[in-house]
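Participant: sequence and predicted structure are below.
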Amino acid sequence: MIKIAVLGYGTVGSGVVKVLNTNANIIAKRAGQEVGVKYVLDLRDFPEDPVQSKIVHDFNVILDDPEISIVVETMGGTKPAYEFVKKALLSGKSVCTSNKELVAAYGAELVHIAKSKSVNFLFEASVGGGIPVIRPLNQSLTADRIEQINGILNGTTNYILTKMAQDGSDFDSVLREAQELGYAEKDPTADVEGYDACRKIAILTSLAYGQQVDYEDIYTEGITKITAEDIRYAKSIGAAIKIFGTSKKIGGKLYAMVAPQMIRSDNPLYAVNDVFNAICVTGNMLGDVMFYGKGAGKEATASAVVSDVVDAVKHMNINVMTIWEDEKMPVAPMDEMKNRFFVRISESERGKAETEFEEIEALDGVVDGEFGFITGIMTEREFNDTIAGFDSFVTRIRVGF
Ligand code: HSE
């Protein structure tokens, strides 16, 4: 039997124990041997839970136990997760984690340590919850040059935008409702400001190109400024507004951003609603391939973590190569990125807009006294310079078609 330790008995950690118990037989068959939890590390005790007999409060108990060959890290954050994971790998234990903060910040280093110790550092659950996307990127899409990754990478914001579109409600009231239903955190900043999606697109992009892409270099804009009126404009042309993590290689340069975008119904990501996530990867030979499923939640995320445990058992003492060099891959300045923009200004400046922006598509009759339009493709700098000359500018949203 393979004995594992779980660090953190929160939502995902308790889910891992549940998945291993519920599906013990099928997991044993697929892994080639039984997988049992020997320790669960947590600061707390759980006297009402059968897990209590496995609870330890000192990480060294796990580190010093040669019977533990796999450590599951579901604590979140980087402190003390980074220290624990690094020590586990250096002592020859494989690590499976759901922790995107850890992977985005230290992925290259931890992958390298795992390789040097002939163990594995696996992180399927760090992006897209239960959706298999890391393993496909590493093991399946290996014949292609990846041209673009475009993903709905955050369940909370997708739920909020879906509800705003369905009910015509504003951001604040839907956020409150999502918090009451437990879909949004009490402190929703990381989700609604796009920081969570930023770490996820940084991880996917690093894997796609085998180099370190720093999440701090990725332009990130959340959904807090999206209004019910913006969504009415989108609906008037059969479009939706969703927040995407996007990266693309054009002419040898990498462009990346997290930002709300308007997309039309012919985009396969248009129908991705509620807390679901989806990631569309474009390869130069394969074309588009899409991964869809539950991007969060206890069982779904734990399922992805346990799939990594099975992989680690099947590859005991054999590193499943992940190419992630720590050499930094520069992200092109946001000013140089080309986009189309949906813009709202006062009706009084319509004539000026028609002169100064090329190829305007007007969205008439949505908000009284306003002129809404979509620009042609232009760089962010060109857009910012042009719109600066307008006194009545209300908002702009990038357009993904
Ligand atoms: N807060 C995240 C989300 C959880 O809403 O998608 C999964 O990373």
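Facilitator: Sure, I can see it. Just so you know, these numbers come straight off a predicted model, no measurement behind them.
Participant: all strands for the stretch 201-350 of the chain, in order.
Facilitator: Using DSSP state E, counting those that start in this stretch, the strands of the stretch 201-350 of the chain run over residues 211-212, 219-220, 239-250, 253-264, 276-283, 287-294, 325-328, 338-346.
Participant: nearest to the ligand, out of these?
Facilitator: Comparison of the strands of the stretch 201-350 of the chain against the ligand by C-beta to the nearest ligand atom identifies strand 276-283 as nearest, at 6.7 Å. Bear in mind the C-beta positions are built from the backbone N, C-alpha and C, glycine included.
Participant: partners of that closest one, with directions?
Facilitator: Applying DSSP bridges, strand 276-283 is found paired with strand 146-152 (antiparallel), strand 287-294 (antiparallel).
Participant: what distance do you get for whatever residue of the stretch 1-150 of the chain ends up closest to the ligand to residue 9?
Facilitator: Here the stretch 1-150 of the chain gets closest to the ligand at one residue, residue 129, 5.5 Å apart by C-beta to the nearest ligand atom. Look at residue 129 and residue 9: by C-beta to C-beta, to the nearest Å, they are 18 Å apart.
Participant: compare these two (neighbour count), which wins?
Facilitator: residue 129 (28 against 25; other C-beta atoms under 10 Å).
Participant: name all residues that make contact with that one.
Facilitator: Remark: with contacts taken as C-beta atoms under 8 Å, 6 or more residues apart in numbering, residue 129 is in contact with 155, 277, 293-297, 300-301, 304.
Participant: residues near residue 166, how many?
Facilitator: 12.
Participant: how about residue 130?
Facilitator: Neighbours of residue 130 (other C-beta under 10 Å): 22.
Participant: please report the distance of it from residue 306.
Facilitator: 10 Å.
Participant: list phi and psi for residue 53.
Facilitator: Main-chain dihedrals, residue 53, degrees, to the nearest 10: phi -70, psi -20.
Participant: and the pLDDT at it?
Facilitator: On pLDDT, residue 53 comes in at 98.
Participant: cool, and residue 160?
Facilitator: Confidence score, pLDDT, at residue 160: 97.
Participant: what does residue 181 give?
Facilitator: For residue 181, pLDDT reads 86.
Participant: where does residue 113 land in three-state SS?
Facilitator: The three-state assignment at residue 113 reads helix, by DSSP: H, G, I helix; E, B strand; the rest coil.
Participant: doesn't residue 121 make contact with it?
Facilitator: Yes. Using C-beta atoms under 8 Å, residue 113 is in contact with residue 121, at 7.3 Å.
Participant: could you name every residue contacting both of those two?
Facilitator: residue 89.
Participant: which of these two has more neighbours?
Facilitator: Each of residue 113 and residue 121 has its neighbours counted (other C-beta under 10 Å); residue 121 has more, 30 against 18.
Participant: contact partners for that one?
Facilitator: Going by C-beta under 8 Å, 6+ apart, the list of residues near residue 121 reads 85, 89, 94-95, 97, 110-111, 113-114, 322.
Participant: distance of the residue of the stretch 251-400 of the chain found nearest the ligand from residue 196?
Facilitator: Here the stretch 251-400 of the chain gets closest to the ligand at one residue, residue 296, 3.8 Å apart by C-beta to the nearest ligand atom. Residue 296 is 10 Å from residue 196, where distance means C-beta to C-beta.
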